[in-house]
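Enquirer: quick one: sequence plus predicted model below, questions after.
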Amino acid sequence: MSFSMLLLSLGLSWPSLAPCSGTLAVLGTVSYILAFSLGAGPVPALLLSEIFPSKIRAKAVSLSLGVHWVTNFMIGLYFLSAVTKFGVGRVYQGFAALCLVAAIYISQNVVETKGKSLE
């Protein structure tokens, strides 16, 4: 996903890529949506139900997903303000950096739950 965000930001911010900026923006957006839908999109809901003990699972998952959706709402709310202030290229470069940091964090800290009991 970070590659998609980087592709999108380069297409929108580098003057030398201006002739193909529209194509790069569309390809970056479509590849991000595809990668998110096939990969990271459903992960929070699936992973949260596996990491909490059954005693608190319902409340913990609802709280976690509530925070997830509030965060999504805040990003959507302030996106245009950030684009106006920093420029679209910088905003997408920031998104790409966050995706890369998240991928590194997840690869090092999220444990495999395959073959383990639910408890």
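Expert: All right, it came through fine.

Enquirer: pretty sure V61 contacts F52?
Expert: Yes: contact criterion Cβ atoms under 8 Å: V61 and F52 qualify, at 6.4 Å. No exception for glycine: its C-beta is placed from N, CA and C like everyone else's.

Enquirer: state the distance from the residue positioned nearest the centre of the chain to P53.
Expert: Residue closest to the average C-alpha location in the chain (Cα atoms, centre = their mean): C99, at 5.7 Å. C99 sits 30 Å away from P53, taking Cβ to Cβ, to the nearest Å as the criterion.

Enquirer: same question, V67
Expert: V67 sits 19 Å away from P53, going by Cβ to Cβ.

Enquirer: what do you get for G28?
Expert: Counting by Cβ to Cβ, the gap from G28 to P53 is 40 Å.

Enquirer: which one's more surrounded, these two?
Expert: The residue with more neighbours, out of G28 and P53, is G28; 22 against 9, by other Cβ atoms under 10 Å.

Enquirer: which of the residues in the helix or strand containing that one are buried?
Expert: Element membership of G28, judged by DSSP states H and E, is helix 21-35. For helix 21-35, the neighbour count (16 or more other Cβ atoms under 10 Å) marks S21, L24, A25, G28, T29, S31, Y32, A35 as buried.

Enquirer: likewise stretch 99-116?
Expert: Buried positions in stretch 99-116, judged by neighbour count with 16+ other Cβ under 10 Å: C99.

Enquirer: so how far is V67 from the residue with the largest distance to the centre of the chain?
Expert: Within the chain, K55 marks the point farthest from the mean C-alpha position, 29.4 Å out by Cα atoms, centre = their mean. Distance, K55 to V67, using Cβ to Cβ: 20 Å.

Enquirer: what's the longest helix in the chain?
Expert: What stands out as the longest helix in the chain, according to DSSP state H, is helix 57-86.

Enquirer: what is whichever helix or strand comes after it packed up against?
Expert: Sequence-wise, the next helix or strand downstream of helix 57-86 (DSSP H and E) is helix 88-109. Helix 88-109 is packed against helix 2-13, helix 57-86, with contacts defined by 3 or more Cβ pairs under 8 Å, 6 or more residues apart in numbering; DSSP states H and E.
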